[in-house]
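K.L.:
here is the input, now give the coordinates:
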Amino acid sequence: MAGDVIGVGMIGLGTVGSGVAELLRDQGDLYAQRTGKRIELRRVLVRDVEKAKASGLVDPAIVTDDQEQIISAKDIDVVIEVAGGVEPIDSLMQFALEHGKHVVTANKSLLAAKGPELFAVARDHGVSIAFEASCGGGIPCVTAMTTGLMANRIDALFGILNGTCNYILTEMTGSGKTYAQALAEAQEAGFAEADPALDVSGQDAAQKLAILASLAFGVRITGDDVHAIGVDGLDLEDITLGDEMGYDIKLLAIAERWPGSKWVNIGVQPCFIKKDELLAQVAGPYNALSVHGHAAGHTLYYGQGAGQLPTASAVVSDLLGIVSGSASAAFSNMRLTPDLTQPAHILDRRDTESAYYLRMQTLDVPGVMAEVTSILGDKGISLSQVLQHESKAGEVVSLVVTTHLTRLGDVEDAAEEIAGLEPIQGEPVIIRVIEMPA
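P.N.:
All right, here's what the predicted structure looks like:
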């Protein structure tokens, strides 16, 4: 990128794209001072040209629906992709890289599905991909993995990586709202999409975790490798009972690899966590990533994981890194991206060892507790807590136990056997209880 002026093309002018355009317009002098180069937004590719022109966000003369004006244009040095989705964006990004354009993207779906192929294309053509905004909005999670913690063997990641789910759980925990009530409120406040399926199913967090865990462990992990359980199946009763037992509940994106082991334990699910843990304090639409390194110990990255300007901040920071040469040098020398690593050895989820919360709906009749504990004992599962409220004989009551460290598969097998007992009503509920590393 020779010369004092860097030409930028942008794909998409939605929420994040509008924020990027605003920052480049209002902070151009600051960015020129910091990089020694003037950055010009020269083309914006959109589907609806007239709508984009009428927005007043960018010069109408640079708005286009012709991809060639960005992909192969000689006056475009860097392509910013903030349109989202996998296709046709995958093809556009490949073409841009093949034409020698550096790429900045906020697209976690694209990278979780096609990252290895795109990174390889970039490397083959001597350009770079910067993707800080894909995983945590304005939080520098990727920078932490690729530079700040490079001296560490990363042993575990624990992340709250979806603000929509965290807002819903905060409302359910703090205000006693049902899932449906909390979701409706999140949509009204603009924290949840009209179709919230990607968020509430845990898939959004799973895609982000795949990217971060690939970097943390130096292995290849795709979104399909991450088993996800969302918040849409949570019962308010479990949140209330967990609260009585000293726990908060969070949708946690977890990746663990024990020293000396090749196995990566990775997944997204609602988990109970002690109320005094730092992650339990993350409320509302905020995100956080807890990283455990062998040398640095525990580090925590907190902030707004979505939103127009926080995400645009990460996009523009990546752009400035490319313009200054720091991001490009890091990309060309970094050996962590999944095009250069081997597929991860993913641990079977049933082999996950943890403490667990198990709730059963049972008729309050003599002997039921003895039957339940006998089944658990036969599976080698020891108990740490038992909770049952007073009830009248013959009524249906919630019986809750929490276990010591045990294997998930054993808990699931025990729960299936317990469900067959005559007094038990319905299927038992299993929720992982997290003990954070020291």
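
K.L.:
now do the end-to-end distance for stretch 53-65.
P.N.:
Start-to-end span of stretch 53-65 (C-alpha to C-alpha, to the nearest Å) is 11 Å.

K.L.:
so for it, mean pLDDT?
P.N.:
The average pLDDT for stretch 53-65 rounds to 93.

K.L.:
hang on, Lys53 packs against Pro60?
P.N.:
Yes: using C-beta atoms under 8 Å, Lys53 is in contact with Pro60, at 3.9 Å. (Glycine included, C-beta is placed from N, CA and C.)

K.L.:
looking at these two, which has the bigger crowd around it?
P.N.:
Comparing Lys53 with Pro60 by other C-beta atoms under 10 Å, the one with more neighbours is Lys53, at 18 against 14.

K.L.:
what's the distance between the more buried one and Val16?
P.N.:
Applying C-beta to C-beta, to the nearest Å, the value for Lys53 to Val16 is 19 Å.

K.L.:
cool, and Tyr247?
P.N.:
35 Å.

K.L.:
next: His294.
P.N.:
Relative to Val16, His294 is positioned 35 Å away (C-beta to C-beta).

K.L.:
higher neighbour count, the two?
P.N.:
Val16 (26 against 11).

K.L.:
pretty sure the more buried one is touching Ser313, no?
P.N.:
No: Val16 is beyond contact range of Ser313, at 10.1 Å (criterion: C-beta under 8 Å).

K.L.:
show the pLDDT at Glu87.
P.N.:
pLDDT recorded at Glu87 is 89.

K.L.:
how far away is it from Ala133?
P.N.:
20 Å.

K.L.:
neighbour count winner among those two?
P.N.:
Set Glu87 next to Ala133 and count neighbours by other C-beta under 10 Å: Ala133 wins out with 29 against 10.

K.L.:
what's the more buried one in contact with, if anything?
P.N.:
16, 104-106, 311-312, 314-315, 318 (C-beta atoms under 8 Å, 6 or more residues apart in numbering).

K.L.:
cutoff 10 Å now
P.N.:
16, 20, 80, 82, 104-108, 139, 142, 306, 310-318 (C-beta atoms under 10 Å, 6 or more residues apart in numbering).

K.L.:
domain ranges for the protein?
P.N.:
Domain assignment for the chain by automatic domain parsing gives 5-137+310-333, 150-304, 349-434.

K.L.:
relative to Thr341, which of the ones you listed is closest?
P.N.:
domain 150-304 (5.0 Å; C-beta to C-beta).

K.L.:
tell me what the helix or strand containing Val142 is packed against?
P.N.:
According to DSSP states H and E, Val142 maps onto helix 141-143. Here helix 141-143 touches helix 133-136, helix 203-217, strand 286-293, strand 297-304, helix 308-324, going by 3 or more C-beta pairs under 10 Å, 6 or more residues apart in numbering; DSSP states H and E.

K.L.:
restricting to C-alpha, output the helix or strand following that helix in CSV.
P.N.:
Using DSSP H and E, the helix or strand that follows helix 141-143 in sequence is strand 154-160. In CSV, the C-alpha atoms belonging to strand 154-160 read as follows (Å, rounded to 0.1, in the frame of the first residue of the first chain):
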residue,chain,number,x,y,z
ILE,A,154,-3.8,-21.1,27.2
ASP,A,155,-5.6,-23.7,29.3
ALA,A,156,-9.1,-22.4,29.3
LEU,A,157,-11.6,-19.8,27.9
PHE,A,158,-14.8,-18.9,29.7
GLY,A,159,-16.8,-16.3,27.7
ILE,A,160,-20.1,-14.5,27.9
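
K.L.:
buried sites along strand 154-160?
P.N.:
Residues 154-160 are the ones in strand 154-160 that count as buried (16 or more other C-beta atoms under 10 Å).

K.L.:
one more: stretch 76-89?
P.N.:
76-84, 89.

K.L.:
closest to Gly36 among those?
P.N.:
Nearest member of these to Gly36, counting by C-beta to C-beta, is Asp77, at 14.7 Å.

K.L.:
what values do phi and psi take at the closest one?
P.N.:
phi -100, psi -30 (degrees, to the nearest 10).

K.L.:
just checking, which helix or strand of this structure averages the lowest pLDDT?
P.N.:
Within the chain, no helix or strand scores below helix 326-333, which has a mean of 87 by mean pLDDT, DSSP states H and E.

K.L.:
chain center to it: distance?
P.N.:
Centroid separation for helix 326-333 versus its chain: 24 Å, with C-alpha atoms, centre = their mean, to the nearest Å.

K.L.:
what packs against that helix?
P.N.:
For helix 326-333, the packing partners by 3+ C-beta pairs under 10 Å, 6+ apart are strand 102-105, helix 108-124, strand 129-130, helix 308-324.

K.L.:
go again with 7 Å.
P.N.:
For helix 326-333, the elements it packs on are helix 308-324, judged by 3 or more C-beta pairs under 7 Å, 6 or more residues apart in numbering; DSSP states H and E.

K.L.:
show me the contact partners of the helix it packs on.
P.N.:
6, 8, 15-16, 18-20, 23-24, 31, 34-35, 37, 39, 78, 80, 82, 102, 104, 106, 128, 130, 132-133, 137-138, 303-304, 327-328 (C-beta atoms under 7 Å, 6 or more residues apart in numbering).

K.L.:
from those residues, which would you call buried?
P.N.:
6, 8, 16, 18-20, 23-24, 31, 35, 37, 39, 78, 80, 82, 102, 104, 106, 128, 130, 132-133, 137-138, 303-304, 327-328.

K.L.:
does the nearest residue to Asp243 once chain neighbours are set aside fall in a helix, a strand, or a coil region?
P.N.:
Spatially, and ignoring its direct neighbours in sequence, Asp243 is nearest to Thr173 (6.8 Å; C-beta to C-beta, 6 or more residues apart in numbering). With DSSP: H, G, I helix; E, B strand; the rest coil as the basis, Thr173 sits in helix.

K.L.:
what about the protein, any weak spots by pLDDT?
P.N.:
1-2, 393-394 (pLDDT under 70).

K.L.:
one more time with 80, if that's ok
P.N.:
For the chain, residues meeting the criterion pLDDT under 80 lie at 1-3, 391-394, 438.

K.L.:
residues contacting the closest residue to Gly380 other than its chain neighbours?
P.N.:
Nearest residue to Gly380, sequence neighbours excluded (C-beta to C-beta, 6+ apart): Asp410, at 6.4 Å. By C-beta under 7 Å, 6+ apart, the contact list for Asp410 reads 379-381.

K.L.:
show the subsequent helix or strand relative to the helix or strand where Asp410 lies.
P.N.:
Secondary structure from DSSP H and E places Asp410 in helix 408-419. Per DSSP H and E, the first helix or strand lying C-terminal to helix 408-419 is strand 424-434.
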